[in-house]
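# need a structure here:
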Amino acid sequence: MERNIRNIFLIGNPNSGKSSLFNQLTGLNQKIANYPGVTTERKIGSFYLEKQQYELVDLPGCYSLYPNSIDEKVVINELLQNKPDLILFVADASNLYRSLLLYTQVADFNFPIAMVLNMVDELESKGEVVNASFLESELGCPVFLCNSKKRKGIDSLQKYIIGSDFHASIKIFGNKQLFSNYLSSSNLNYASWHEYVQSTPSNAIVENIKRIEVIERYNKIESIIALTVSKTQKAFNRQRFTEKLDKYLMHKYYGFIFLLLILYLVFQTLFTLAQFPMTWLDSGFGYMAHLINNLDSKSSWLTFISEAVIPGISGVLIFIPQIALLFLMNTFLEESGYMARIVFLLDNWMRKFGMSGKSVLPLLSGNACAIPAIASTKAIPTHKERLITILCIPFMTCSARLPVYTLLISIVIPLEFQGLSLLSLYALGVIFAMLFGWILNKNISTSEKSFLIMELPPYRLPSFKNIYINIKNAVVAFVKVAGKFIVTISIVLWFLASFGWQNQAIQKTNIETSFAASIGKTIEPAIKPLGYDWKIGVALVTSFAAREVFVSTLGMLYNIGEEATERTMIEKMKSQVYPQTQLPVFNLASGVSLLLFYAFALQCMSTLAAIKKETDTFKWAIISFLLMASLAYTSAFIAFQFLKKC
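Next up, the predicted model:
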């Protein structure tokens, strides 16, 4: 009797377009779940074709089936434990050489398989052509040319899926005799080979088999590529252009000089271009608060809106121009092909600190947000490298720190040095991440080894559509993450800053005698040596929810009880003085102290939760928090005490 549901596995390298194909086939009918025993997510969807139901399982992207990383182990276990009706192997058409190693290993499991040669538009832009029919004969399975983002080739693929006569690959790529010689087995198959590898991952014999076996597979792959892929004159012109640029950008000495120069230009541009829209937004919110307060200064609701809601929201939204510019330039570097070269440049250097080239991308991703960056470490093959990378990521300057940095730098640093200051803070995060990695590397012993295999893409003009999508997603995510804390914190803080104990009753009062002031003045002795007043102390506490809340908290505290004006937040902060001395609260000493505190403090509950989830223990989350808090306090103390004397 025919089964009611047919199972299809999606397998392929990371960034091969599996997710796009998954979405095209399943639409919105999908669910997310974790694999038993691990934190790697699996995406499952279902769809119908001619009344037949299919379940589509999107397996984690990986580069081979040697069980080193968590993702590789998950894929192998699925293939060993579950028999799919069909495997759709998704390959990046523009990186066929890289994809075929994994394909040959999957095909040797002898399940029905078809290759989806995805992103054919990228192949065409490179000036290359693939002979699909010849590739079919070489691989022994159907090959479909697709562009899943634009649904090109999906109809042909669906027609194939509808047919019930799925076939396993007619080609075997592995060397059974090679395995037999080492393992003394006369009837070894590829499934039992992987079971053996999983049970003895550090066996020297197994490691030797891997090395020899990979070489043999790549010899076969090279012969297939040579007969299947042809290049046009456009490809040769593009290659010559890439080689000319790489002569300088990838030079072992000049390459690092160009990298630092490019990063400096990025950060200086960030301040120069963003200051105009930021000033307009800040002035606009100030004018809005002024208008609302003037409607009825005795209305509690209008006072709440003008003193709490508008300053709180504006404290985050005014930084949208900088977030957008940062992701514009980051996407430009990635799409142009330069980001891959940064990974290559830093690979050997990273190994001195207990990590590898595969750690670079998660670390760079940490400049956007630590949480997905920590999750992406699943692709790192060894436990030691993965753990060190996870613990180093919080040192990287995430986008939540950017509002704090740019606000403080705008107040205490002259304009001509603002870009350099921001670059220095990013560099400081990298330096201490590497230092922490070096310490961990010296204290964690392992026999595991890894190596980096990557293909440098040719230089190309970025897709403006992709740039727009990345900027939009970054801005929306930033606003959503910050927004879910702002409303709650603004309401609570406004109440705490507007009310206090008066005659044994809770009554509206001056901010200096409010509940917030009581809390802030309680912790003020601990933070006074850092140059902070009680209002900054309250902002430090609230920013444990999310770092960017520091800005909105100060925006509200400096607005409550003051006459509504059209002054910007920066102007209000510059005007703050200590009552006793009339000296400015925000000066070079206190400003640098705050910058260093936020450069090191792990002021993010979500990041702590991510560390606990990925390491499966509270131990490393607690160690990270305490270590970074100690480093933050010490560096802020030294900076303030030194600079206040200058």
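
# next helix or strand past the lengthiest helix in the chain?
Using DSSP state H, we find that the single longest helix of the chain is helix 254-295. Going down the chain from helix 254-295, the next helix or strand is helix 300-304, by DSSP states H and E.

# which secondary structure elements does that following helix contact?
helix 254-295 (3 or more Cβ pairs under 8 Å, 6 or more residues apart in numbering; DSSP states H and E). No exception for glycine: its C-beta is placed from N, CA and C like everyone else's.

# one more time with 10 Å
helix 254-295, helix 464-498 (3 or more Cβ pairs under 10 Å, 6 or more residues apart in numbering; DSSP states H and E).

# need the residues that contact it.
With Cβ atoms under 10 Å, 6 or more residues apart in numbering as the test, helix 300-304 has contacts from 289, 292-297, 310, 490-491, 494-495, 498, 508, 560, 564.

# go again with 6 Å.
292, 295-296, 494 (Cβ atoms under 6 Å, 6 or more residues apart in numbering).

# if we can go back for a sec, could you tell me the least trusted of the helices and strands packed on helix 300-304?
Here the lowest mean pLDDT among these goes to helix 464-498, at a mean of 75.

# how about whatever helix or strand comes next after that one: buried residues?
Next along the chain after helix 464-498, taking DSSP H and E as the criterion, comes strand 499-502. Of all the residues in strand 499-502, those buried under the rule 16 or more other Cβ atoms under 10 Å are 499-500.

# give the partner strands of strand 499-502 in its sheet and their orientations.
According to DSSP bridges, strand 499-502 forms sheet pairs with strand 505-508 (antiparallel).

# so for the partner strand, mean pLDDT?
For strand 505-508, the per-residue pLDDT averages 80.

# how about stretch 100-118?
Here the average pLDDT along stretch 100-118 is 88.

# mind listing what's buried in it?
Going by 16+ other Cβ under 10 Å, stretch 100-118 has these buried residues: 100-109, 111-118.

# same question, stretch 592-611
For stretch 592-611, by 16+ other Cβ under 10 Å, it's 592-604, 607-608, 610-611.

# related to what we said a few turns ago, from the buried residues of stretch 100-118, which land in strands?
Among those, the residues falling in strands (DSSP state E) are 113-118.

# and these as JSON lines, adding distance to M628?
JSON lines is the format used below for those (distance: Cβ to Cβ, whole Å):
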{"residue": "I113", "distance to M628": "47"}
{"residue": "A114", "distance to M628": "49"}
{"residue": "M115", "distance to M628": "47"}
{"residue": "V116", "distance to M628": "44"}
{"residue": "L117", "distance to M628": "46"}
{"residue": "N118", "distance to M628": "41"}
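
# picking that back up, so which of the buried residues of stretch 592-611 sit within helices?
Using DSSP H, the buried residues of stretch 592-611 in helices are 592-600, 607-608, 610-611.

# most widely separated two among those residues?
V592 and A610 (29.2 Å; Cβ to Cβ).

# any idea how the chain splits into domains?
Domains of the chain are assigned by automatic domain parsing as 1-231, 258-643.

# relative to F241, which of the ones you listed is closest?
domain 258-643 (6.6 Å).

# measure that closest one end to end?
Criterion Cα to Cα, to the nearest Å; first-to-last residue distance in domain 258-643 is 32 Å.

# one more: stretch 102-120?
19 Å.

# all helices of the stretch 301-450 of the chain, in order?
310-317, 320-336, 338-351, 357-365, 370-375, 383-392, 401-412, 418-443 (DSSP state H, counting those that start in this stretch).

# pipe those helices into a markdown table and attach mean neighbour count and distance to V129 per row.
Output for the helices of the stretch 301-450 of the chain, formatted as a markdown table (neighbours: other Cβ atoms under 10 Å; distance: least, Cβ to Cβ, whole Å):
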| stretch | mean neighbour count | distance to V129 |
| --- | --- | --- |
| helix 310-317 | 24 | 49 |
| helix 320-336 | 20 | 23 |
| helix 338-351 | 18 | 24 |
| helix 357-365 | 23 | 30 |
| helix 370-375 | 21 | 36 |
| helix 383-392 | 23 | 39 |
| helix 401-412 | 23 | 44 |
| helix 418-443 | 18 | 42 |
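
# ok, K247 to G255 distance?
10 Å (Cβ to Cβ, to the nearest Å).

# tell me which of these two has more neighbours.
More crowded of K247 and G255, by other Cβ atoms under 10 Å: G255, with 18 against 10.

# quick check: closest non-adjacent residue to the more buried one.
In this structure, G255 finds its nearest non-sequential neighbour in L345, 5.3 Å apart by Cβ to Cβ, 6 or more residues apart in numbering.

# my guess is the one you found meets Y253, correct?
No - the criterion here is Cβ atoms under 6 Å, and L345 misses it with Y253 at 10.9 Å.

# and the spatially closest residue to L423 that is not a sequence neighbour, how close does it get to N473?
Spatial nearest neighbour of L423, chain neighbours left out: F267 (4.4 Å); criterion: Cβ to Cβ, 6+ apart. Look at F267 and N473: by Cβ to Cβ, they are 22 Å apart.

# touching, T232 and G127? I think so.
Yes - the criterion here is Cβ under 6 Å, and T232 meets it with G127 at 4.4 Å.

# show me what contacts T242?
458-459.

# could you say which helix or strand holds it?
helix 233-249.

# K149 now?
Going by DSSP H and E, K149 is not in any helix or strand.

# list the contacts of it.
Taking Cβ under 6 Å, 6+ apart, one finds S20 in contact with K149.

# switch the cut-off to 8 Å
Shown here is K149, whose contacts under the criterion Cβ atoms under 8 Å, 6 or more residues apart in numbering are 17, 20, 119.

# OK, contacts around the last one?
Contacts of M119 were listed using Cβ under 8 Å, 6+ apart, and they are 16-17, 92-94, 146-149.

# in strands only, show me the residues you listed.
Using DSSP E, the contacts of M119 in strands are D92.

# for the contacts of M119, give me JSON lines that also has pLDDT and distance to I225.
Formatted as JSON lines, the contacts of M119 follow (pLDDT from 0 to 100; distance: Cβ to Cβ, whole Å):
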{"residue": "S16", "pLDDT": "81", "distance to I225": "16"}
{"residue": "G17", "pLDDT": "80", "distance to I225": "19"}
{"residue": "D92", "pLDDT": "85", "distance to I225": "13"}
{"residue": "A93", "pLDDT": "83", "distance to I225": "12"}
{"residue": "S94", "pLDDT": "78", "distance to I225": "12"}
{"residue": "C146", "pLDDT": "88", "distance to I225": "19"}
{"residue": "N147", "pLDDT": "84", "distance to I225": "21"}
{"residue": "S148", "pLDDT": "78", "distance to I225": "22"}
{"residue": "K149", "pLDDT": "76", "distance to I225": "24"}
